[in-house]
Structure formats: structure tokens, C-alpha cells
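In: Dropping a prediction and its sequence here:
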2 protein chains.
Amino acid sequence: MKNVYLIGVGLIGGSFAIDIKKKHPTAKIHGISRKDGTLEKALEIGIIDEKATLEDLKNAEVVIIAIPVDATVELLPKILDKISDNTLVIDAGSTKEAICKVVSNHERRRNFLACHPIAGTENSGPTAAISNLYKGKTNIICEVEKTTFKLQEKALALFTDLGMRIRYMDPVAHDKHIAYVSHLSHISSFMLGKTVIEKEKNERDIFDMAGSGFASTVRLAKSSPAMWTPIFKQNKANVIETLEEYINNLQQFKELMQQDNFHEIYNEMENTNYIKQILNGIQ
Amino acid sequence: MKNVYLIGVGLIGGSFAIDIKKKHPTAKIHGISRKDGTLEKALEIGIIDEKATLEDLKNAEVVIIAIPVDATVELLPKILDKISDNTLVIDAGSTKEAICKVVSNHERRRNFLACHPIAGTENSGPTAAISNLYKGKTNIICEVEKTTFKLQEKALALFTDLGMRIRYMDPVAHDKHIAYVSHLSHISSFMLGKTVIEKEKNERDIFDMAGSGFASTVRLAKSSPAMWTPIFKQNKANVIETLEEYINNLQQFKELMQQDNFHEIYNEMENTNYIKQILNGIQ
């Protein structure tokens, strides 16, 4: 791997760069970003070797797109316009349907592999990039059959280098299920943070009462609005469905409390303890 | 410290025992539990030195009550009946109003110090007990003025040994605020777990899509129903209030999405990012 172009040099793109450099010390990482300050920072801390522009993509062996999903939808066709025949383009967006759709008829569709690495932290920007972010994590690949076989191979070699597990899924199923296991938990966390801040903002020392359980549950409320707003927009129908079910379950829990039906409250929690078995598979 | 009696030998009681033993190697830890199997397990793994019964409490220097809050309300007056003049009794319950109330007129009220150490994990039972659980954590003490000064001192020495920070609060304020920063996040987590399990239980491999963000947000859904049901019961009015505000915020978020008002969705998340400053104080 020689010439890697990162479109977006934050947590996701930067963490790719760090581990690619480790495996391929001679690879040159080029960075492209709308914000020059971000590029300068990425250069300064060694995430990228050079600044570049979209016009340089004709020289790219691999292009990794790691920007908000609305920007990906806008930019991906233009990127495919500029690459060469042998360039592999991958993305890392948390939605897949709109991204796959926008290039479905592009003449370079076969150069693109739609990916969603299930990895990240609540931090963002070049300084948030870390080594081994992708190690042991799942990478969901959509519409693999639409990518030319040689470039599939190149991508899989890269993901194997990074220690990722691969799952294949169609974009519609991806967006439906990811709403439950990722998008909803971001909203539950943001709204929990909001509820507590609204109530307690002016209460001195109250947050001394918050422990690690609270910290864990609101951690995702630190996430970047610039990244998450377009995700909710693109996955609107699925996210609204999950939110309705979540609100109904909370409402029902509240009603059980109002009815003093603590026997059923106990059962609800006991049944949900089943999550232990699920989490054992994740952590 | 010579004779410590644990009422309840699970995560909370057991973690006290481990660190007391470290600081006071000659201390003898006696265990009392309704379940003989639990006591046997605690004995086997060295959490306690001896099994005991309530009748033995006359010999106790310190009694630590670490059982569900409904059992504490029931048992605390009986415990105070059995201790000697110089025994210190502390609890660790996540609610404080009902517990303080039940002994407000007890002739041994001054032997009791109402405590809530903000520490724990989502695990339970003797095998969940760990060293340093309380190190650097906040311990909220209620109605300190109702405890005799000498026993306050003894308790504070113990908490200092364990590395805890002390905060004083009245029981009504405690129960109101803890509903926001602890009880609500358990419900948000349980209901998130429920929503996802209901939807995805029969979908093979879906949980491969779940990442560390989901794991963090539903971690508290592993918590013990036996511990949490009586907490919600005792703090019913406050918890229902927090739940109503949380549901309203989720409902409003959903309506903003339905109205395609993603500008305001962005603002909501950006404002809630303020949680970063709060969490810096916790973690």
C-alpha cells in the first residue's frame, strides 16, 4: 500500500491512518479536509504526511472517506469522477442506504466498497485518533457484489491487517438494525444528559452524586452533533420507529410504577437481564 | 476495628469487607444473610470469617447493612434493638428518606449513620465484591447530627481508610437528586435493553452490529432486579417525575425529527455536550 488518501482526518480516518502506517511504514498518507485547521493539526501530530485536494485523487491507490454521512452523499460521486481505474474507495458511514443509492448508477460504482466499521469513541477530531481502534471490531460491508473482485480483495486485506471481523448485509437491513443497536442508544443518552442538565444545572455539587453508572449511560451524549445530525436525518424513518418503541416501553414502565405493580417491574428488569448474554459477545 | 458484622455479603458488603481486612488484618468479619448459600459462598471465597445471626449483634463494634432497601427498612429497627451501646450501624442504601424515617424515634437512633456510598458495578453477589470499590468515590451521609459524635468519628475514620469523599445532605434532597443522577439512568438503560431485545431477539447475528457505545449505554440493564425494585418503590414519586421529564424530552426529539427540524436537533445535541464538563468531574 503506497498512496492512501483520507477524506476526513478525524477519529475514524485518523485511526485508519495510524494502523495503516504501522503495517505499511512506507505508505504515504494524504489528507483532505474542508477545514484547513484540521488538516494542519493532523499534519502536526503525524496522522497525515501531506495535505492534498480532490484533484490529487487520480494518484490514489486507496481512498478512505470518513466524514459526516451527508457530506459523503454529496462528495462520493465527485470522488468517483476523479479517481483512476484501479483506485479503491471505501467509506465508514453509519448509514448505508443513501450512500449506496447515490452511486448506484455511477460508472465507477465498482471501485467503491460501502463499509461501516462498528468502532469509535465519543471523541472526535484528529487528536481523538488512536491505534487499534478497529482491532476485533465488526466491519459491515454492504452490496459487496457491486465492487470489483480485485478491489474487494484489497479492502479485505486492509481490514484483516487492522484485525477486523467482516459481516455482509444489504443497506436497507443495515440501516434498520443499526437504528436499534446504535442510533437509538445515542438518542437515549443525549436525552438522559439533557434531562439531568436541565434539572440540575443550577444545583451545586449535585454531580458529586453521580457515579460510574451515570457516566456510562450518558457517555454517548458527548458525541459530535456534526456527525450525528446527518445520521438521524438519513435514517429518519427507522430511528423514529425505534424511538416510538422506546418511549412506549418507558411509558409502560412509568404506568406500572403508578399502579404500584412492582411485581411486574421486577419481571421487566429480570427479563432484560438477558442483555448480559448479548453483551458478553460484544465486550 | 475488631468485630465487623455484615448484613448482606454481596457486592457492596463484600467490597467493604475486603478493604477493611486490608487495613485491619486482625478484624474479624461476621456475615449475616437470609440465604445460607450466599453465606457459604462468602465464607468459601474469604469475604467473611464466620457466619453469624442477628442475635450475635450485641458483640458488634460495627454493623454494615448492605441489603435491598426494603429489607433495610424492615430490619434496621430490629438491628438497633439488638446492638450494644457502643455499636456503630451504617447502611448503604440508594434511598434515604424511608430508612431515616423508620428509626427516627428509635431509642438507639444515635447509633445509626445513614449512608449512601456512590459506588457499585452492575454485578451482584459475593463473587462480585472487589477491592478499592470505594476509593475516590463519594459517600453521602444523611442526618449526621442525629448520630452520636463518637460514632460519627468512627465511621469517618473507616470511610477515610477506604479513600472516600464525604458529602452531607438531608434525606429528602438526597432522594430527589439521586433519582436524576442514578435511578433514571437505570430505567433508561433497562428500557433500552428491552426495546432492542424485543426487536432483535430472533435476528441472528444482529448483535454483531452492536459496538462499545451500545454496551456502555445498556450496561446498567444487567443490574439486579432484587436490589432495584425496592429502590423504585421507595423513591416512586421522584422517579416518576424524572421519567416524565425524560419521556417528554424524547418525545420532543422525535417531533423535531418528524418536522425535519434537524437544525434544532443539532442544537439539542450541542447543548447536551455540556455533559463533558460534568463527566470530567466523575471519571
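Out: Nice, I can see it. Residues are numbered from 1 along each chain as shown, chains lettered A, B, ... in the order given.

In: Quick check: closest non-adjacent residue to the closest residue to chain B within the stretch 1-150 of chain A.
Out: In the stretch 1-150 of chain A, the residue that lies nearest chain B is residue A:118 (4.2 Å; CB to the nearest CB). All C-beta spots, glycine's among them, are computed from the backbone N, C-alpha and C. Leaving out its chain neighbours, the residue that sits closest to residue A:118 by CB to CB, 6 or more residues apart in numbering or on different chains is residue B:211, at 4.2 Å.

In: and what of residue A:184?
Out: Closest to residue A:184 by CB to CB, 6+ apart is residue A:242, at 4.2 Å.

In: Please identify the helix or strand for the one you found.
Out: Element membership for residue A:242, per DSSP states H and E: helix A:236-258.

In: Spatially central, which residue of chain A would that be?
Out: residue A:94 (4.5 Å; CA atoms, centre = their mean).

In: before we move on, what SS does residue A:64 have?
Out: The three-state assignment at residue A:64 reads strand, by DSSP: H, G, I helix; E, B strand; the rest coil.

In: shaky segments in the stretch 51-200 of chain A?
Out: Along the stretch 51-200 of chain A, segments meeting pLDDT under 70 are nowhere present.

In: Next to chain B, which bits of it? Give me the list.
Out: Residues of the stretch 51-200 of chain A lying close to chain B (CB under 8 Å from any CB of the partner chain) are A:118-122, A:137-138, A:140, A:165, A:167, A:174, A:177-178, A:180-182, A:184-200.

In: what residues are up against residue A:76?
Out: Taking CB atoms under 8 Å, 6 or more residues apart in numbering or on different chains, we find residue A:76 in contact with A:65, A:89, A:91, A:99, A:102-103, A:112.

In: from those, which ones fall inside strands?
Out: Counted as lying in strands by DSSP state E, out of these, are A:65, A:89, A:91, A:112.

In: Can you show me the helices along chain A?
Out: Assigned by DSSP state H, chain A shows helices spanning A:11-23, A:36-44, A:69-82, A:97-102, A:149-161, A:171-178, A:184-200, A:212-218, A:225-234, A:236-258, A:262-272, A:275-282.

In: so what are the domain limits for chain A?
Out: A:3-170, A:174-282 (automatic domain parsing).

In: Endpoints of the longest one, how far apart?
Out: So that's domain A:3-170. 30 Å (CA to CA, to the nearest Å).

In: Not counting its neighbours along the chain, what's nearest residue A:41?
Out: Leaving aside its chain neighbours, residue A:41 sits nearest to residue A:126 (4.9 Å; criterion: CB to CB, 6+ apart).

In: residues in contact with that neighbour?
Out: Counting by CB under 8 Å, 6+ apart, residue A:126 has contacts A:9-10, A:14, A:38, A:41-42, A:45, A:47.

In: cutoff 10 Å now
Out: Residues in contact with residue A:126, defined by CB atoms under 10 Å, 6 or more residues apart in numbering or on different chains, are A:8-11, A:13-15, A:17, A:31, A:33, A:37-48.

In: Just the buried ones among the residues you listed, please.
Out: Neighbour-count burial (16 or more other CB atoms under 10 Å in any protein chain shown) applied to the contacts of residue A:126 gives A:8-11, A:13-15, A:17, A:31, A:33, A:38-39, A:41-43, A:47-48.

In: neighbours around residue A:128, how many?
Out: 17 (other CB atoms under 10 Å in any protein chain shown).

In: what sits against it?
Out: Contacts of residue A:128 by CB under 10 Å, 6+ apart are A:10-12, A:14-15, A:120-122, A:224.

In: if you set the cut-off to 8 Å instead, what comes out?
Out: For residue A:128, the contact set (CB under 8 Å, 6+ apart) comprises A:10-11, A:14, A:121.

In: CSV please, covering the contacts of residue A:76 and showing neighbour count.
Out: Listed next are the contacts of residue A:76 as CSV, based on neighbours: other CB atoms under 10 Å in any protein chain shown:
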residue, neighbour count
A:65, 25
A:89, 26
A:91, 29
A:99, 25
A:102, 16
A:103, 22
A:112, 28
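
In: okay if I get the helices of chain A as TSV plus distance to residue A:54?
Out: Formatted as TSV, the helices of chain A follow (distance: least, CB to CB, whole Å):
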stretch	distance to residue A:54
helix A:11-23	15
helix A:36-44	13
helix A:69-82	6
helix A:97-102	16
helix A:149-161	20
helix A:171-178	25
helix A:184-200	30
helix A:212-218	38
helix A:225-234	20
helix A:236-258	29
helix A:262-272	48
helix A:275-282	37
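
In: Of those helices, give the one that comes closest to residue B:57.
Out: Checking the helices of chain A against residue B:57 by CB to CB gives helix A:262-272 as the closest, at 29.5 Å.

In: now the angle from that closest one to helix B:69-82?
Out: Following axes from the mean of the first three to the mean of the last three CA atoms, to 10 degrees, one obtains 110 degrees for the angle between helix A:262-272 and helix B:69-82.

In: What are the buried residues along helix A:262-272?
Out: A:262, A:265-266, A:268-269, A:272.

In: before we move on, the earlier item: my read: the residue nearest to the centre of chain A touches residue A:178, true?
Out: Yes. Residue A:94 is within contact range of residue A:178, at 6.6 Å (criterion: CB atoms under 8 Å).

In: Now do the shared contacts for the two.
Out: Taking CB under 8 Å, 6+ apart as the contact rule, residue A:94 and residue A:178 both touch residue A:116.

In: Quick one: residues in contact with stretch A:272-283.
Out: B:190-191, B:193-194, B:196-197, B:207-208, B:210-212, B:214-215, B:218-219, B:221-222, B:225.

In: got a list of what residue A:174 touches?
Out: A:96-97, A:116, A:140, A:142, B:209.

In: one more time with 6 Å
Out: The contact partners of residue A:174, taken as CB atoms under 6 Å, 6 or more residues apart in numbering or on different chains, are A:96, A:140, A:142.

In: most surrounded residue in those?
Out: Within the contacts of residue A:174, neighbour counts (other CB under 10 Å) peak at residue A:96, which reaches 27 neighbours.

In: Please name the nearest non-neighbouring residue to it.
Out: Closest residue to residue A:96 apart from its sequence neighbours, by CB to CB, 6+ apart: residue A:171 at 3.9 Å.

In: For burial, what's the neighbour tally of that neighbour?
Out: 19.

In: How much space separates it from chain B?
Out: 13 Å (CB to the nearest CB, to the nearest Å).

In: One more: residue A:258?
Out: For residue A:258 relative to chain B (CB to the nearest CB), the value is 7 Å.

In: Give me the spatial nearest neighbour of that residue, chain neighbours excluded.
Out: Among residues not flanking residue A:258 along the chain, residue B:240 sits closest, at 6.5 Å (CB to CB, 6+ apart).

In: and that neighbour, what pLDDT?
Out: pLDDT for residue B:240: 98.

In: Can you report phi and psi for the closest residue to residue A:69 other than its chain neighbours?
Out: Nearest residue to residue A:69, sequence neighbours excluded (CB to CB, 6+ apart): residue A:93, at 4.3 Å. Main-chain dihedrals, residue A:93, degrees, to the nearest 10: phi -70, psi 150.
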